[in-house]
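J.: Would you be able to build a 3D model of this:
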Amino acid sequence: MGKKNRSKYGRKWGNAFVSTDLMDNVDGRVQKHCEPCCKEKKTTPASFYCKHCREFLCLECSSQHNRFGFMSDHKIVDWQTEETDEDDVDMFDYDQCELHGACVEIYCEDHDVLICAKCAFIDHKKCKNANQIDEISMNKTIEEFQKQITICNENAKEIIGSFNEIGFKEREEVRAKALKMKSEECAKIDIKLEGFLSAIESAAKDARSSMNHELSAVSNIHVELEQWIRSLNVASKQGLTDKCFILSKSLRTKVMKHEEFLRQQNLDSTSLSIHTEHMFKESGIQQKHDVAVQVNSSDISHQNENTKPIKNTVIRKTVSLQRQVTLSVETYSDNEDPFISGIDFLEDGRLVALDNANNKCLVLGGNLHILGQPFTFFTKPLDICAYKGNQAAVTSGNYIYFLVVDQFNTTRLIRKVSTSASYFSISRFNRSGFLCSAYRDAKAPIREVDFEGNEIDFKDLSFADIKFEFYQSFSAYAEQLGIIILTDFDSNKLYMFNTHTGETICVEDKRIQGPRQVVIGSEETVLVSCEKNSSVCRINFDGQVLQSFEVEMQHPSALCISIDGTKLVVSNRSETMRTIQQYELTYTLNK
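T.: Numbers count the residues shown, from 1 in each chain. Prediction:
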């Protein structure tokens, strides 16, 4: 009959609990419902039991363990062979003294430590509150800790559940709308429906892929918490309050660390927001569709070939720059003189910068000084682009590195992918990929590259045999307008390619001399560093140069702007004086 005194209570739905047991008996056993199906208010008989998840599963749900890598090692058995809880309490060696190997018998309240008799005699003779564990009133301590660890574990399970449900809501919304309109446009909807669902599933897959390392960390915490809770429950059922007390005191610090980590995993970051209304408008059912997905962001755009760009007819504000910090990049390394080839703002305001000369990735604070230890590449890093959750993508010729920077300023490599083309600059394109500019490539000067290294050509854009050498072009993408910006250093030009209409604007102006890095600014403008005349130009999407700012350095190159648009950081590639500067941007309404 399952586990003895088993406290499985089903799955929570809203404010109610749905039972996972069927009322009829099978061979003297109570038939179980599939627990994941119960969450969807389905009563599917269980066929299997996952010993790792400790859940009953139907055939369809059990197959999910083969789809997701982090569940591939789970042990699936027939539901009737579910084993009972073992009688022994796993103490994880916390009932043994670390110094003497003897049994823990005493709790010293003065030092808040569990000790053996030898420890008590040697180090705690003067302690006034060192008592035998079996003499201590411990029920309140155990009860509070059991509540704490249970809440922490439920948080871990909730985060894991939210990862696994990415894309489910969107698929159901699209399906419901398709069925509602099927009577009027049955033939069209049937053809397009699978395409819409495929686009959503592809976006959801990319979202899950980009968060694999967070999910792995939470899954490991979940496994550990499950083990601890099981031992506490077994000890509690057997009335072994001394063992419960030892576990509560010994695991408290670790659980607090898990709590802090789980608090940083914002549940909203696992939601997938896709507006589907444009897919079902009479005139909007098109052969081509582009679904842009952004996790944990309100800056989401959804485009099809009928979407028209927003014309930037009026610029209502002017910008002024005020220098705040200037720092020589020589302070960044004792070896070869650093060269900052790429820089970008993380979501929390820190900066990530590439030292191309020394193969390093630096984390910089508000004063532009290094935080933590630099990360070292095996190849030359070229350009960097920050994205969701303090992660960053770095180009290095035929390789793209994916990094993450934690709260302690430690940079870790998530993965490294190879590409067929060689890329210099990298910037965000949509939730599923990046915009990369290629060099020495006769086929195309820019491509979309996804998280797996897959390269996608822009077939509807004409590049008129544009080809660049190494370090001659940077690119950026204005997602709301669907416009790609490409700089051309040698010809002193900017190109603006409209991905909706296929139109191209070539920007030429005497103030644009040697354009390098380009970033998307506020007020529907772009900022571009101009190396030959040591300036930064501000340009609208009609191709008009609105302002030109002289910067106090020679040959400005790498450029980035903060998320709120109030800070601009510039570095240069001068042979004599390489510096990095931070400016404050002030916006003034035109009169």
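
J.: other SSEs contacting the longest strand seen in the chain?
T.: Determined from DSSP state E, the single longest strand within the chain is strand 411-430. Secondary-structure packing of strand 411-430 (3 or more Cβ pairs under 8 Å, 6 or more residues apart in numbering; DSSP states H and E): strand 375-376, strand 383-387, strand 391-405, strand 433-438, strand 446-450, strand 455-456, strand 475-478. Any C-beta I mention is one placed from the backbone N, CA and C, and that applies to glycine too.

J.: Which one of those strands lies nearest to Ser320?
T.: Closest approach to Ser320 among these is made by strand 475-478 (22.4 Å; Cβ to Cβ).

J.: Need the contact partners of that closest one.
T.: With Cβ atoms under 8 Å, 6 or more residues apart in numbering as the contact definition, strand 475-478 has outside contacts at 425, 427-429, 435-437, 446, 483-487, 518-520, 524, 526, 541.

J.: Dump the C-alpha coordinates for the longest strand of the chain into PDB.
T.: Extracted C-alpha coordinates of strand 411-430, given in PDB (Å, rounded to 0.1, in the frame of the first residue of the first chain):
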ATOM      1  CA  THR A 411      33.200  34.900 -14.100                       C
ATOM      2  CA  ARG A 412      32.500  31.300 -15.200                       C
ATOM      3  CA  LEU A 413      32.400  29.700 -18.700                       C
ATOM      4  CA  ILE A 414      28.900  28.300 -19.400                       C
ATOM      5  CA  ARG A 415      29.800  26.800 -22.800                       C
ATOM      6  CA  LYS A 416      31.700  27.500 -26.000                       C
ATOM      7  CA  VAL A 417      30.400  27.000 -29.500                       C
ATOM      8  CA  SER A 418      32.100  27.100 -32.900                       C
ATOM      9  CA  THR A 419      30.800  28.800 -36.100                       C
ATOM     10  CA  SER A 420      31.600  28.400 -39.700                       C
ATOM     11  CA  ALA A 421      32.200  32.100 -40.300                       C
ATOM     12  CA  SER A 422      34.600  34.400 -38.400                       C
ATOM     13  CA  TYR A 423      32.800  37.100 -36.400                       C
ATOM     14  CA  PHE A 424      34.000  40.300 -34.700                       C
ATOM     15  CA  SER A 425      31.100  42.300 -33.200                       C
ATOM     16  CA  ILE A 426      28.200  40.800 -31.300                       C
ATOM     17  CA  SER A 427      24.900  42.400 -30.100                       C
ATOM     18  CA  ARG A 428      21.500  41.300 -29.100                       C
ATOM     19  CA  PHE A 429      19.100  40.400 -31.900                       C
ATOM     20  CA  ASN A 430      16.200  38.700 -30.200                       C
END
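
J.: relative to strand 446-450, how tilted is it?
T.: If you take axes from the mean of the first three to the mean of the last three Cα atoms, to 10 degrees, strand 411-430 sits at 130 degrees to strand 446-450.

J.: Report the distance from strand 411-430 to the chain centre.
T.: With Cα atoms, centre = their mean, to the nearest Å as the basis, strand 411-430 stands 15 Å off its chain's centre.

J.: now swap in stretch 163-177 and tell me
T.: Relative to its parent chain, stretch 163-177 has a centroid offset of 20 Å by Cα atoms, centre = their mean.

J.: could you dump that stretch to CSV, C-alpha only?
T.: In CSV, the C-alpha atoms belonging to stretch 163-177 read as follows (Å, rounded to 0.1, in the frame of the first residue of the first chain):
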residue,chain,number,x,y,z
PHE,A,163,11.3,25.9,-15.8
ASN,A,164,9.5,22.8,-17.1
GLU,A,165,6.3,24.7,-17.9
ILE,A,166,8.0,27.3,-20.1
GLY,A,167,6.0,27.6,-23.3
PHE,A,168,2.9,25.6,-22.0
LYS,A,169,0.7,28.7,-21.5
GLU,A,170,1.6,30.2,-24.9
ARG,A,171,0.9,26.9,-26.8
GLU,A,172,-2.5,26.7,-25.2
GLU,A,173,-3.4,30.3,-26.0
VAL,A,174,-2.5,29.9,-29.6
ARG,A,175,-4.4,26.6,-29.8
ALA,A,176,-7.6,28.1,-28.3
LYS,A,177,-7.6,31.1,-30.6
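
J.: And for Gln227, the neighbour number?
T.: 12 (other Cβ atoms under 10 Å).

J.: Could you say which helix or strand holds it?
T.: Element membership for Gln227 (DSSP states H and E) is helix 212-237.

J.: Name the next helix or strand downstream of that helix, please.
T.: Next along from helix 212-237, by DSSP H and E: helix 241-264.

J.: Can I get that following helix in PDB, CA atoms only?
T.: Presented in PDB, the C-alpha positions along helix 241-264 are these (Å, rounded to 0.1, in the frame of the first residue of the first chain):
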ATOM      1  CA  THR A 241      14.000  13.900  18.900                       C
ATOM      2  CA  ASP A 242      17.800  13.900  19.600                       C
ATOM      3  CA  LYS A 243      18.600  13.000  16.000                       C
ATOM      4  CA  CYS A 244      16.100  15.700  14.800                       C
ATOM      5  CA  PHE A 245      17.800  18.200  17.000                       C
ATOM      6  CA  ILE A 246      21.300  17.300  15.700                       C
ATOM      7  CA  LEU A 247      20.100  17.600  12.100                       C
ATOM      8  CA  SER A 248      18.300  20.900  12.700                       C
ATOM      9  CA  LYS A 249      21.400  22.500  14.200                       C
ATOM     10  CA  SER A 250      23.900  21.000  11.800                       C
ATOM     11  CA  LEU A 251      22.000  21.800   8.600                       C
ATOM     12  CA  ARG A 252      20.800  25.200   9.500                       C
ATOM     13  CA  THR A 253      23.600  27.200   7.900                       C
ATOM     14  CA  LYS A 254      23.500  25.200   4.700                       C
ATOM     15  CA  VAL A 255      19.700  25.700   4.400                       C
ATOM     16  CA  MET A 256      20.200  29.400   4.900                       C
ATOM     17  CA  LYS A 257      22.700  29.500   2.000                       C
ATOM     18  CA  HIS A 258      20.200  27.500  -0.100                       C
ATOM     19  CA  GLU A 259      17.500  30.000   0.800                       C
ATOM     20  CA  GLU A 260      19.600  32.900  -0.300                       C
ATOM     21  CA  PHE A 261      20.500  31.300  -3.600                       C
ATOM     22  CA  LEU A 262      16.800  30.400  -4.300                       C
ATOM     23  CA  ARG A 263      15.700  34.000  -3.500                       C
ATOM     24  CA  GLN A 264      18.000  35.200  -6.300                       C
END
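
J.: How about residues contacting it?
T.: In contact with helix 241-264 (Cβ under 8 Å, 6+ apart) are residues 89, 91-92, 94-95, 104, 107, 112, 114, 133-134, 136, 138-139, 141-142, 144-146, 148-149, 152, 155-156, 159, 217-218, 221, 224-225, 228, 231-232, 235-236, 407.

J.: which among the residues you listed end up buried?
T.: Buried residues within the contacts of helix 241-264, counting neighbours by 16 or more other Cβ atoms under 10 Å: 89, 91, 94-95, 104, 107, 114, 133, 136, 138, 141-142, 145-146, 148-149, 152, 155-156, 159, 218, 221, 224-225, 228, 231-232, 235-236.

J.: Specify the beta-bridge partners of Asp78.
T.: Here Asp78 sits in beta bridges with Phe48, going by DSSP bridges.

J.: shaky segments in this protein?
T.: Along the chain, the model assigns pLDDT under 70 to residues 1-29, 69, 81-88, 184-185, 187-191, 210, 265-316, 591.

J.: Could you tell me which helix of it is the longest one?
T.: Criterion DSSP state H: the longest helix present in the chain is helix 168-210.

J.: Could you list every helix and strand in contact with that helix?
T.: strand 272-273, strand 289-291.

J.: Over to Thr566: give its phi and psi.
T.: phi -100, psi -10 (degrees, to the nearest 10).

J.: Next one: it relative to Glu552, how far apart?
T.: Distance of Thr566 to Glu552, given as Cβ to Cβ, to the nearest Å: 19 Å.

J.: now swap in Met496 and tell me
T.: Taken as Cβ to Cβ, the span from Met496 to Glu552 is 29 Å.

J.: Looking at these two, which is more packed in?
T.: Higher neighbour count among Met496 and Glu552: Met496, with 22 against 13, using other Cβ under 10 Å.

J.: who does the helix or strand encompassing the more buried one touch, helix- and strand-wise?
T.: Element membership for Met496, per DSSP H and E: strand 493-498. If you count contacts as 3+ Cβ pairs under 8 Å, 6+ apart, strand 493-498 packs onto strand 483-488, strand 504-508, strand 515-520.
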